[in-house]
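>>> Output the structure for:
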Amino acid sequence: MWRVIITFIFAALIIYFSYVCTKYIGKGMNKRSLSSYMRVVDQIMIGQDRYIAIVQVGERYLLVGITAGQINLLSELQEKDLLMLSSNTDGTQVNAKSFKEMIEKMGNFRKKGR
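Coordinates of the predicted model:
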């Protein structure tokens, strides 16, 4: 009986220490990704493992294509070219529908299909 209890305690300690270690490793990874000279302004997924991103490097804005195997410079953008798409001045989405509206629309679609 004691062997089962000791084994259970030992397994719980291993899980706890694994959690603590991954927590600190994760914090260290986040610190390394912070940069003083560049940042990702925005990105959008266009396919599986394929992204288009706007990267700010100093005063320059670069449009880059990112795949699993490479990163390509697509264009250099001017700051005036960066416009918020489909959002109001208060930051809310223009075309965004509430969850309730989408569910109601789906319900109406199902009723018509019967």
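>>> how about the strands of this protein, start to end?
38-47, 50-57, 60-66, 71-77 (DSSP state E).
>>> Share the number of residues neighbouring the closest residue to residue 67 other than its chain neighbours, please.
Take residue 67 and drop its neighbours on the chain: the residue closest to it by CB to CB, 6 or more residues apart in numbering is residue 50, 5.3 Å away. Using the backbone N, CA and C atoms, a C-beta is placed for each residue, glycine as well. Residue 50: 12 surrounding residues under other CB atoms under 10 Å.
>>> follow-up on the earlier one: which one of the strands of the chain lies closest to residue 12?
strand 38-47 (38.9 Å; CB to CB).
>>> May I have the closest one exported as PDB, CA atoms only?
In PDB, the C-alpha atoms belonging to strand 38-47 read as follows (Å, rounded to 0.1, in the frame of the first residue of the first chain):
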ATOM      1  CA  MET A  38      11.800  45.400 -35.300                       C
ATOM      2  CA  ARG A  39       8.300  44.100 -34.700                       C
ATOM      3  CA  VAL A  40       5.500  42.300 -36.500                       C
ATOM      4  CA  VAL A  41       2.800  44.900 -37.100                       C
ATOM      5  CA  ASP A  42       0.200  42.500 -38.500                       C
ATOM      6  CA  GLN A  43      -0.100  39.100 -40.100                       C
ATOM      7  CA  ILE A  44      -2.700  37.000 -41.900                       C
ATOM      8  CA  MET A  45      -2.700  33.300 -42.600                       C
ATOM      9  CA  ILE A  46      -3.300  32.600 -46.300                       C
ATOM     10  CA  GLY A  47      -2.900  28.800 -46.300                       C
END
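>>> what pairs with it, and is each one parallel or antiparallel?
Using DSSP bridges, the strands paired with strand 38-47 are strand 50-57 (antiparallel).
>>> got the contact list for the partner strand?
Residues outside strand 50-57 that contact it (CB atoms under 8 Å, 6 or more residues apart in numbering) are 37-46, 61-67, 74, 77, 82.
>>> what pLDDT does the residue nearest to residue 41 when sequence neighbours are not counted get?
Sequence neighbours aside, residue 54 is the residue nearest to residue 41 in space, at 4.3 Å (criterion: CB to CB, 6+ apart). Looking at residue 54, its pLDDT is 90.
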